[in-house]
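Peer 1: no sequence on hand, only this structure:
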């Protein structure tokens, strides 16, 4: 199964690595063995022993790729992953990886198997066999690479075949200006939906720029009426169709948002309505609930919003675009980007500037005019004569 090749003063161990089932070509791996033939012979012996172990039948079932991913690797990784990420990993393993290579023995997995997997997913993967996007296939590669790295650390395999696999590079996505409404359109929408039970949720979303999950995760304890703020400490996500409470997205997402008096009045009215409906409004109870008084599912708000936008005939935007509308209107009215960034929970004001750069050009022109006006206003000011009476240059 192996043989030794000497090239100049260096030795290499060449190992037979199977035959491509499509082309029929033999695959061979070259292992550098340094300048010692004895070392090369030792490497060759170890490779022969390893290959013999793969071919030796055992009483126990072999560890397949599918069993390793679903029974060993993913259960361990779930503890370190965000619940939505763990669910996505499991879904990709079940739908993309295991159907193609799950039957292979883990120790028999080779780079060409992964190359073929990625090629097939790009060509015929996904719904209706139309092929997956390069970004999705690259995400599959990331899962394979991480799982096989763990297998190497656990000494289940000697090398990670994903390191040599040719994964597609995700195409850079063009940054588009976010969709948003004008102040008149937003006001019209809020007026036209005032009769809805969940109208207060639309108001809070529009006036705070909160994410959908953050809104669904609010509790009454998060509203501090003394400081007129809402604290963002948790969120609710849709995972496998269920609404699950999770920590906020990032450290910067944990924040307090100042409220205007009208929004607080809306919240107070909503609290009275919840009490009238028999729903608990203690500190640990959710602010926004479904008609049964249970925590609101994030998808409920998005679906209700989409139906109302269509009913009213508003320019179509997503529920998340209320957040973009909030930020765009603030920046357009001259609110500093730093303040808007903190209000949205962005980690870096630079990200806010890049996202809402379509609003900034006009602000730059306004800033230039203001600065020119500042100089004009102070021209001839007595302070400008402070230098009079001093010695002239060269005197």
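Peer 2: Here it is on my side, so go on. Here the structure is a predicted model, which means the values were calculated and not measured.
Peer 1: if I look at the nearest residue to residue 149 once chain neighbours are set aside, how far off is residue 150?
Peer 2: Spatial nearest neighbour of residue 149, excluding adjacent residues (Cβ to Cβ, 6 or more residues apart in numbering): residue 160 at 5.6 Å. Where C-beta positions appear, they are placed from N, C-alpha and C, glycine not excepted. To residue 150, residue 160 is 9 Å away according to Cβ to Cβ, to the nearest Å.
Peer 1: which of the two has more residues huddled nearby?
Peer 2: The neighbour count for residue 160 versus residue 150, taken as other Cβ atoms under 10 Å, is higher for residue 160 (20 against 16).
Peer 1: hey, where'd the helices end up in the stretch 201-350 of the chain?
Peer 2: Secondary structure of the stretch 201-350 of the chain, counting by DSSP state H, counting those that start in this stretch: helices at 212-216, 261-276, 298-312, 321-332, 337-344, 349-355.
Peer 1: helices or strands next to the fifth one in the packing?
Peer 2: Okay, so that is helix 337-344. The contact analysis (3 or more Cβ pairs under 8 Å, 6 or more residues apart in numbering; DSSP states H and E) places helix 337-344 against strand 255-258, helix 321-332, helix 349-355.
Peer 1: centre of the chain to stretch 333-342, how far?
Peer 2: Centroid separation between stretch 333-342 and its chain, computed with Cα atoms, centre = their mean, to the nearest Å, is 24 Å.
Peer 1: ok so, going back, deepest-packed of the helices of the stretch 201-350 of the chain, please.
Peer 2: helix 212-216 (a mean of 25; mean count of other Cβ atoms under 10 Å).
Peer 1: what's the mean pLDDT across it?
Peer 2: What helix 212-216 shows for mean pLDDT is 94.
Peer 1: name the residues that touch it?
Peer 2: Applying Cβ atoms under 8 Å, 6 or more residues apart in numbering, the contact partners of helix 212-216 are 201, 204-205, 232, 234-237, 243, 246, 248-249, 253, 286, 288, 295-298, 301-302, 319-320, 345.
Peer 1: of the residues you listed, buried ones?
Peer 2: Buried subset of the contacts of helix 212-216 (neighbour count, 16 or more other Cβ atoms under 10 Å): 201, 204-205, 232, 234-237, 243, 248-249, 253, 286, 288, 295-298, 301, 319, 345.
Peer 1: so which of the residues you listed sit within strands?
Peer 2: Members of these lying in strands (criterion: DSSP state E): 232, 234-237, 243.
Peer 1: now the residue nearest to residue 149: phi and psi?
Peer 2: Main-chain dihedrals, residue 160, degrees, to the nearest 10: phi -100, psi 110.
Peer 1: tell me the contacts of it?
Peer 2: Shown in contact with residue 160 (Cβ under 8 Å, 6+ apart): 145, 148-149, 151-152.
Peer 1: again with residue 269
Peer 2: Shown in contact with residue 269 (Cβ under 8 Å, 6+ apart): residue 200.
Peer 1: go on, the one 10 residues further on?
Peer 2: Neighbouring residues of residue 279 by Cβ under 8 Å, 6+ apart: 285, 289, 293.
Peer 1: and the strands in the stretch 1-150 of the chain?
Peer 2: Secondary structure of the stretch 1-150 of the chain by DSSP state E, counting those that start in this stretch: the strands cover 2-7, 10-19, 26-32.
Peer 1: could you dump those to CSV with mean neighbour count?
Peer 2: Listed next are these as CSV, based on neighbours: other Cβ atoms under 10 Å:
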stretch, mean neighbour count
strand 2-7, 13
strand 10-19, 16
strand 26-32, 13
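Peer 1: dump these into JSON lines; add distance to residue 275 and mean pLDDT as well.
Peer 2: Shown next, in JSON lines, are these (distance: least, Cβ to Cβ, whole Å; pLDDT from 0 to 100):
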{"stretch": "strand 2-7", "distance to residue 275": "78", "mean pLDDT": "82"}
{"stretch": "strand 10-19", "distance to residue 275": "71", "mean pLDDT": "75"}
{"stretch": "strand 26-32", "distance to residue 275": "72", "mean pLDDT": "76"}
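Peer 1: just put these in a markdown table and tack on distance to residue 315.
Peer 2: Output for these, formatted as a markdown table (distance: least, Cβ to Cβ, whole Å):
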| stretch | distance to residue 315 |
| --- | --- |
| strand 2-7 | 68 |
| strand 10-19 | 58 |
| strand 26-32 | 57 |
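Peer 1: quick check: mean pLDDT across stretch 75-94?
Peer 2: 88.
Peer 1: now it: buried residues?
Peer 2: For stretch 75-94, the neighbour count (16+ other Cβ under 10 Å) marks 77, 83, 86-87, 89-90, 92-93 as buried.
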